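[1] Quick one, fold the following:
(chains A and B)
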Amino acid sequence: MRIRCPLCGERDRREYYYQGDALALNRPDADTSDHEWDDYVHNRINPVGQTRDLWQHSGGCGAWLIVSRDTVSHEVFSVELAKARQEGTQ
Amino acid sequence: MRLAGKGLIDRNSPIRFSFDGSEIAGYRGDSVASAFLASGRKLIARSFKYHRPRGVMGVGSEEANALITVGSGGETDPNVRATMQEIYDGLEVRSQNRWPSLGFDILAANDLAASFLTAGFYYKTFMWPRAFWEKLYEPVIRRSAGLGKLSGEAGQDRYESAFAFCDVLVIGSGPAGLMAALAAGRSGATVILAEEDNMFGGRLNGDTTSIDGKPGHIWAREVCDALAGMENVRLMPRTAVVGAYDHGTYGALERVGHHLSPTSNVPLECFWRIVAKRTVLAAGAIERPIAFRDNDRPGIMTAGAVRTYVNRYGVAPGQSVTIFCNNDSAYDTARDLTDAGVSVSAIVDSRADGPDFADAEVIRGAVVMGTQGRKALRSATIKTSAGPRQIATDSLAMSGGWNPTVHLTCHLNGRPTWNAEKQCFVPTAGAVPGLVAAGACNGEMTTLGALREGLAAAHVCLDALGLIPAPVSLPQADHAAYRQSPLWTVPGKGRAWLDFQNDVTVKDVQQAARENFVSVEHMKRYTTQGMAPDQGKNSNVAALAVLADATGRGIPETGTTTFRPPFVPVSIAAMGAGGRGKGLLPQRFTTSHDVSVAADAPMDESGLWYRPAYFPIAGETTWRQSCDREVTMVREVVGVCDVSTLGKIDVQGKDAGPFLDLVYSNMMSTVKAGRVRYGLMLREDGHVMDDGTVARLADDHFVITTTTAAAGQVMRHLEFVLQCLHPQMDVSLISTTEQWAQFSVAGPKSRTLLAELLGLDLSNEVFPFMSCRDLEVGGVTGRLFRISFSGELAYEIAVPARYGESLFTRLLEAARTYGGGPYGMEALNVLRIEKGFITHSEIDGRVTAADCGMAGLISKKKDCIGKRMSARPGLSGAHRMQMVGLRSVEATQTINAGSHIFAPSAEITPANDIGYVTSNCFSPALAAHIALGFVVNGTERLGETVLCHDPIRGVSTRCTIAHPVQFDPTGDRGRV
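    As a prediction, this is how the structure comes out:
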């Protein structure tokens, strides 16, 4: 499997650390309900098809990446820097 | 028998090798199989289940019969295909799966019991008694049925692995592959041409077809020479592409040293991961055997293999050859044999409209009913329209048509498509993204068609790459249509083999269908058809046809089994090359490693790090003696310990303070420059992640430490918080664990020692507890921290790593003048247990700050990672297990880490389990065995007596629950 790091270029998946669902980006405020915190910390769906995950280029530049891919075809649709995306939303 | 003037072998380079101890002669360019056949031998192996005599059947990696063992001792390589093993002087080959000898094999008796040994025999017979299976049945069965044996010794052979990258990967070098490589190479693409064989050219080396008026093999050599001259083309012979993976990644096995004497200094194999932007699959086709009675006798081969032995190796497989076929391609074999002067007894063609052949009788509409001859073929029985006939023959060349080698196109879960016209499975376009199939593997069986498809495939790739195709003209070549009429089996009595390697016959598949194993996947598992190492290269399609017939379905409705990687067997040693011994776990050494080893310190492993356990001195015979002495030395004088393995992260930037407030539970932004604070880090789920110290070197510059084990995890976590949660913060992070060597100098004399060494005033007034500063030592700028993991007056001194060994040596010299010295991990552990300092033995991922007695370290004035979830009900309170100290009631009795804790009178049952022991030691200062552990509502149970029970070692120890800080509870010693 190959992932194109926006900073380093296309690299083998062995260079990356896989974290999980990109919803980890949306940390709730401290006063949000238990239910929402529970969803943020624990609850994950395991879809057949398209996912949006967080990966880190741990064997390269260290950048955290948002990777959209397909769990069936393994096609990677997009890779973006989490930092750039989060700066844009804040 | 060698044919004069034929073959591509080097007759000027004779080679001798041994087979079961006897010498066989051959030439450079021979395989074991070709040299074996040239020597006139037929019997080369015994079959898997029935121990039937077997000879060479094929010519490439599809060979199902001729499995041999190469080498001896730790370098033994079982199940090598004799067709793939090139010969060299001194090569040692042994036959396998026979006893006492290949010619006389006791277990050939299995063949007489064949009517019992059918599909499912073992499942049905050895059901009862159940206990007999493991002890009796399985060992006996394994001994009688099997292939080659491993030596049981550790292999000494060298293996390598490597990555390669290219624009276009061409798999296979027959006419299609060569044409594709030539067109792609000429157009400027970077090309890798991978060929499983040691020679490029594919079937061109085994056939007599001509291209552009030249013999095919000459044309192939000329194209290869042209490719070898291109800097953008890499030719990889002896390299089988074994698997297709995501995004253009292919696994390939290069046989680097198998054809060379073991004394040559090259690796045996190299496992390649080839990353290709585009791929041309030109893997060719594998000829189908025909299933007729006793079709497995030595001397029966595929027609294409016979042709290759004649044309490439100059070997006649027999003196009188019979051809049995359902298609025109086998007539090439007849022609090449007669051209070489080998007699063809007859061509048995199952079709009524077979072509004419001048030099031998063509028996049309006929089939081979059976064969005779025990260790070598003697005769064949033919069924003709005029009745049965007996033909004396010592060699039979069969061809049931060709199966395109579609394997790689199935590796990403693709299924091949049934082509009814050609009666074969062909690749489904797009099954592997970026891969185009060309030539015989795509169902195109003519030479001209292969050349044309190879060229077209290259153009598809070049187009995708944005490269302009250079003009490459299509050569002239044979384009006679591939005519055949399906013939899978010859009906009749007796056993007709489908899968030669696993001894699976037509009857077995039919029986599977009768017993309702009608799914092809079930049939395969029930009969073992198509199992490793053959993977059904010869038999899958024929077995499918038999199953389809038995179940009244068509072939496409019956389906196909899944072709999985690897295409040919790959040794684990090759796939894991570089991962043996220290390659699997690289060693990380501190800068003081050599000095410690020179001092006879045994090393403890901590992750990849090696750390000294203790430093024995004369007279000490046990680790406890050394450890107790070192602990006392630190408590009473001074000790030096390398603590460089702790993770160090440099945190800089305007927002460094607020950032650390987020990742630590306690407040860090209020730490003043020149000061240090202990810090606790939580996971977002509220449990403790790690702990360490935070030193503020300047307003915008911190250095934090992590535990040795969690250094990587913490760094990743900090990067996550910064990049993903707070990207606007002006903070930079970098790990400096390996850049700084850091030493603890601990004990009452540490201040005097360092003040003298550094020429600094280190009094409490100038440099109080939890201070930090820069310093100069020996002309090098370093750092000094007044922190303590022992509870004693202590410092940690850090210098750039390249000065680590030198500083360590100087610190030891200085310590010794006070009666001190080095201490290791054992003493460090005792010192911290006495003080109740936690490590990952305690914070094992399940404990909260409150469990460790550190609820107060979660600041109420700010948010932090894990704060919200740590406040959940259930994560604190009297029902939780809380950290406590434990002290053995009997002074001599140890407390074992891992023990579970019970009330003294309670029955030892899981329901009565109230806690567990995390760390234990003997405390010289307290003259007692002590421990840390977690006990339900432990903080309220101080003084209670409990039982620490270790069922594994059979030790139960009565202990008193104590405060975790068992030594110097007021902490005065560190602040003097």
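
[2] Residue A:56 against residue B:722, yeah?
    No. At 11.8 Å, residue A:56 and residue B:722 do not qualify as touching, with contact defined as Cβ atoms under 8 Å. C-beta coordinates here come from the backbone N, C-alpha and C atoms, glycine included.

[3] pLDDT score for residue A:88?
    At residue A:88, the pLDDT value in this model is 83.

[4] what about residue B:491, how many neighbours?
    12 (other Cβ atoms under 10 Å in any protein chain shown).

[5] Would you map the strands across chain A?
    Secondary structure of chain A (DSSP state E): strands located at A:2-5, A:9-12, A:17-21, A:50-56, A:64-70, A:76-81.

[6] most tightly surrounded among these?
    strand A:64-70 (a mean of 21; mean count of other Cβ atoms under 10 Å in any protein chain shown).

[7] What does residue B:890 show for phi and psi?
    phi -80, psi 120 (degrees, to the nearest 10).

[8] Please name the nearest non-neighbouring residue to it.
    The shortest distance from residue B:890 to any residue other than its chain neighbours is 6.9 Å, reached at residue B:958 (Cβ to Cβ, 6 or more residues apart in numbering or on different chains).

[9] Enumerate every residue touching that neighbour.
    B:888-890, B:893, B:904, B:945-948 (Cβ atoms under 8 Å, 6 or more residues apart in numbering or on different chains).

[10] now the residues you listed as TSV including pLDDT?
    What follows is the contacts of residue B:958, written out as TSV (pLDDT from 0 to 100):
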residue	pLDDT
B:888	97
B:889	97
B:890	93
B:893	95
B:904	94
B:945	98
B:946	98
B:947	98
B:948	98
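
[11] Mind giving me the ChimeraX command for buried ones among the residues you listed?
    Listed next is the ChimeraX selection for buried residues among the contacts of residue B:958, using 16 or more other Cβ atoms under 10 Å in any protein chain shown:
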select /B:888,946,947,948
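
[12] mind listing what the residue of the stretch 1-150 of chain B found nearest chain A touches?
    Nearest residue of the stretch 1-150 of chain B to chain A (Cβ to the nearest Cβ) works out as residue B:61 at 27.1 Å. Residues counted as contacts of residue B:61 (Cβ under 8 Å, 6+ apart) are B:81, B:83-84, B:196, B:240, B:537, B:567-568.

[13] Could you pull up phi and psi at it?
    According to degrees, to the nearest 10, residue B:61 has phi -70, psi -10.

[14] Repeat that for residue B:682.
    Main-chain torsions, residue B:682, degrees, to the nearest 10: phi -110, psi 160.

[15] Narrow the contacts of residue B:958 to those in strands?
    B:888, B:945-948.

[16] just to revisit the earlier point, pLDDT value on the residue of the stretch 1-150 of chain B closest to chain A, please?
    95.

[17] mind giving me the domain ranges of chain B?
    Chain B breaks down by automatic domain parsing into domains covering B:10-111, B:159-285+B:404-465, B:289-400, B:588-645+B:739-832, B:647-735, B:877-975.

[18] averaging pLDDT over each of these, which comes out lowest?
    domain B:10-111 (a mean of 93).

[19] any idea how far that one is from the chain center?
    Averaging C-alpha positions (Cα atoms, centre = their mean, to the nearest Å) puts domain B:10-111 29 Å from its chain's average.

[20] and what of stretch B:789-805?
    With Cα atoms, centre = their mean, you get 41 Å for stretch B:789-805.

[21] start to end distance for it?
    Using Cα to Cα, to the nearest Å, one end of stretch B:789-805 lies 22 Å from the other.

[22] who in the stretch 51-200 of chain B is up against chain A?
    For the stretch 51-200 of chain B, the contact set with chain A under Cβ under 8 Å from any Cβ of the partner chain comprises residue B:163.

[23] any idea where the strands of the stretch 51-200 of chain B begin and end?
    Assigned by DSSP state E, counting those that start in this stretch, the stretch 51-200 of chain B shows strands spanning B:53-54, B:67-70, B:77-81, B:92-94, B:159-171, B:191-194.

[24] Make JSON lines from those and add mean neighbour count to it.
    Formatted as JSON lines, the strands of the stretch 51-200 of chain B follow (neighbours: other Cβ atoms under 10 Å in any protein chain shown):
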{"stretch": "strand B:53-54", "mean neighbour count": "27"}
{"stretch": "strand B:67-70", "mean neighbour count": "23"}
{"stretch": "strand B:77-81", "mean neighbour count": "21"}
{"stretch": "strand B:92-94", "mean neighbour count": "19"}
{"stretch": "strand B:159-171", "mean neighbour count": "22"}
{"stretch": "strand B:191-194", "mean neighbour count": "29"}
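
[25] Residue B:281 is nearest to which of the ones you listed?
    Nearest to residue B:281, of all the strands of the stretch 51-200 of chain B, is strand B:159-171, at 5.1 Å by Cβ to Cβ.

[26] What's opposite the residue most central in space within chain A in the beta bridge?
    Closest to where the C-alpha atoms of chain A average out (Cα atoms, centre = their mean) is residue A:54, at 1.7 Å. On the basis of DSSP bridges, residue A:54 is bridged to residue A:20, residue A:66.

[27] For chain A, what's the nearest residue on chain B?
    residue B:247 (3.8 Å).

[28] I'd like the distance between the spatially closest residue to that residue that is not a sequence neighbour and residue A:64.
    Counting by Cβ to Cβ, 6+ apart, residue B:247 lies nearest to residue A:2, which is 3.8 Å off, once chain neighbours are set aside. Residue A:2 is 18 Å from residue A:64, where distance means Cβ to Cβ, to the nearest Å.

[29] cool, and residue B:452?
    Distance from residue B:452 to residue A:64, by Cβ to Cβ: 49 Å.
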